[in-house]
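*Asks:* One predicted model, sequence on top.
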Amino acid sequence: QKRKTKKADLYKLPPGPKPFPIVGNLLQVGPTSHPHITFTSLSKTYGPIFSLQLGQVTTIVISSQEYAKQLFQNHDLALAGRHEPDATRVEAYHEWSIAWLPPGPRWQTLRRICTTELFTTQRLDSYVSVRKQKVQELLNFISKSAKEGTSVEIGPAAFTTTLNLLSRTIFSTDFTSFDSDSSQDFKKIVEELMVAGGSPNVSDFFPVLTSLDLQGIRRKLKRHNKFFRHVFDEQIDCRIKNRKEGSIACNDLLDVLLDSQFGAKEQEHRQALISVFGDLFIAGTETSTNTVEWAMAELLQNPVTMAKLHDELASVIGLEREMEESDISRLPYLQAVVKETLRLHPPVPFLLPRRAQETVEFGGYLIPEGAKYIQLLVNVWAIGRDETTWPDPLKFRPERFMERDIDFKGRDFELIPFGAGRRICPGMSLAYRMVHLMLGSLLHQFEWKMPEEVAKNGLDMSEKFGVTLAMARHLKAIAIPIPGLYIK
Ligand code: HEM
């Protein structure tokens, strides 16, 4: 409902803690390293829609499925703008980023390329054997550790696989291997990017101070951008050279993007490619990896659930062949384990910040059009742990998804780890295949136990907050080949 904004309405904000002059509520919530938890407890006091004054930025936080439903069903377009953090403006990254552009023609073009070229069922099907091969390399690496009796760091191992899965799909090449440390350099940089991009930043709260870069976040991100630019430039230059020499087309995303025209100048075209590749690698690697790592951590703490999953995999797939992607639809308990993991540990705890593109009345409050200093956050982490929706919410109990037909595809607002509406994650279908195949294969071929010391002291489930939510310390686990497994 578009209507004219009266000045008095602008002050009618959702309830929230009383702000102090200048700093607003920053002193109450700013220093926290876990805003998703702090905001969840504030929602218990102020309700499922509340507001905070973070320096100059008014932040409206929604924490219930009812408000999420209202947002996506009634105001999806009006609230599809992005409130881009200062971190995304480093070297004009946001100007060609699918994740940070407002939903205008540029965003539509890039998003269309994703949905029609990269994530169609046909395209995903054409990479089935590549994903199988990459997962096989992961299993070989784990077999080696199992023989030596050493533990595996689940996150870094899954990262190597995810990174190669993406680099094969996008550039038709492996970025790394299990014998090289390069994927861990990549991982370190993506991890740091996520933390830097998600951390409270003075430049965001007081845009007048941006040029001072008081926390050095811009400087850090410039270094990271340089790394990515180098990696992607190398791929682009090499492909251009090969094309000139008449090599056969790879028909991958790089070919598609090289044949498209973005921007008027060559330099702008290159900038667009770098931002799109940055988006896909940054958005696709940590999220999928973290899901596998959290799932393994939960399974190690819940041996009955792990045994049930082993049983399902053994009875559906048997012990004489590897898991295939086509098995996923016949593995309801595996699917339930993944959903339960995404409910408790959504890789993206807040959907990316929104901005109103037109004045909208939302939840009885008025959000003015294009207001530069008003952002809307959806706390997916809080929605997944809401006890009015989920009985015994902190318990890892995949059975709840066997009893109720709930999916994460953006229609059931109690479970929206990929978001919903027009900005829903475009990589969801690829993530679905990668996560189920990796996790299913790890459990189909191995039994798992915690290293003795971890078993004695308990598994550390603490979180590291950023744009994504990672385990604060990587999970280590010992693999034991499944008895009777005989794969020719
Ligand atoms: C378990 C894995 C993943 C999860 C949980 C996840 C989750 C999300 C979420 C919550 C958003 C923001 C939605 C919003 O703000 O409303 C998002 C956006 C995005 N994701 Fe994913 N994602 C995953 C994997 C991937 C993969 C594999 C790719 C691509 C290779 C990808 C590419 C993107 C892109 C490009 C956007 C920006 C979309 C836009 O703003 O229009 N994601 N994702």
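*Replies:* Nice, thanks for sending it over.
*Asks:* Contact residues of the protein facing the ligand?
*Replies:* Residues of the chain lying close to the ligand by CB under 6 Å from any ligand atom are 98-99, 111, 166, 279-280, 283-284, 287-288, 291, 347-348, 351-352, 417-419, 423, 425-427, 430-431, 435. (Each C-beta comes from the backbone N, C-alpha and C, glycine too.)
*Asks:* Helices - which of those land there?
*Replies:* The helices, defined by DSSP state H, take in 111, 166, 279, 280, 283, 284, 287, 288, 291, 430, 431, 435 from these.
*Asks:* For PyMOL, write the select line for the buried members of those.
*Replies:* Listed next is the PyMOL selection for buried residues among those, using 16 or more other CB atoms under 10 Å:
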select buried, resi 111+166+279+280+283+284+287+288+291+430+431+435
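*Asks:* got the ones in helices among the residues of the chain next to the ligand as CSV, with pLDDT and distance to residue 120 columns?
*Replies:* Shown next, in CSV, are those (pLDDT from 0 to 100; distance: CB to CB, whole Å):
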residue, pLDDT, distance to residue 120
111, 94, 13
166, 92, 16
279, 93, 18
280, 94, 15
283, 91, 18
284, 93, 16
287, 95, 20
288, 97, 19
291, 98, 23
430, 96, 11
431, 97, 15
435, 98, 19
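*Asks:* How about whichever residue of the chain sits closest to the ligand, nearest residue that isn't a chain neighbour?
*Replies:* Nearest to the ligand, among the residues of the chain, is residue 427, at 2.2 Å (CB to the nearest ligand atom). Nearest non-adjacent residue to residue 427, counting by CB to CB, 6 or more residues apart in numbering: residue 284, 5.3 Å away.
*Asks:* Please apply the same query to residue 34.
*Replies:* residue 465 (5.2 Å).
*Asks:* so what's that neighbour up against?
*Replies:* 33, 34, 35, 36, 195, 198, 199, 349 (CB atoms under 8 Å, 6 or more residues apart in numbering).
*Asks:* Among the residues you listed, which are located in helices?
*Replies:* The helices, defined by DSSP H, take in 35, 36, 195, 198 from those.
*Asks:* Could you identify which of these has the most neighbours?
*Replies:* residue 35 (24 neighbours; other CB atoms under 10 Å).
*Asks:* contacting residues around that residue?
*Replies:* Taking CB under 8 Å, 6+ apart, one finds 29, 200, 350, 465 in contact with residue 35.
*Asks:* how close does the residue nearest to the third one when sequence neighbours are not counted sit to residue 207?
*Replies:* The reference is to residue 350. Excluding its sequence neighbours, the residue lying closest to residue 350 (CB to CB, 6+ apart) is residue 377, at 4.8 Å. Look at residue 377 and residue 207: by CB to CB, to the nearest Å, they are 18 Å apart.
*Asks:* Repeat that for residue 35.
*Replies:* Counting by CB to CB, the gap from residue 35 to residue 207 is 19 Å.
*Asks:* and residue 389, helix, strand or coil?
*Replies:* Under the three-state scheme (DSSP: H, G, I helix; E, B strand; the rest coil), residue 389 adopts coil.
*Asks:* so it makes contact with residue 65?
*Replies:* Yes - the pair residue 389 / residue 65 is scored as a contact, 6.0 Å apart, by CB atoms under 8 Å.
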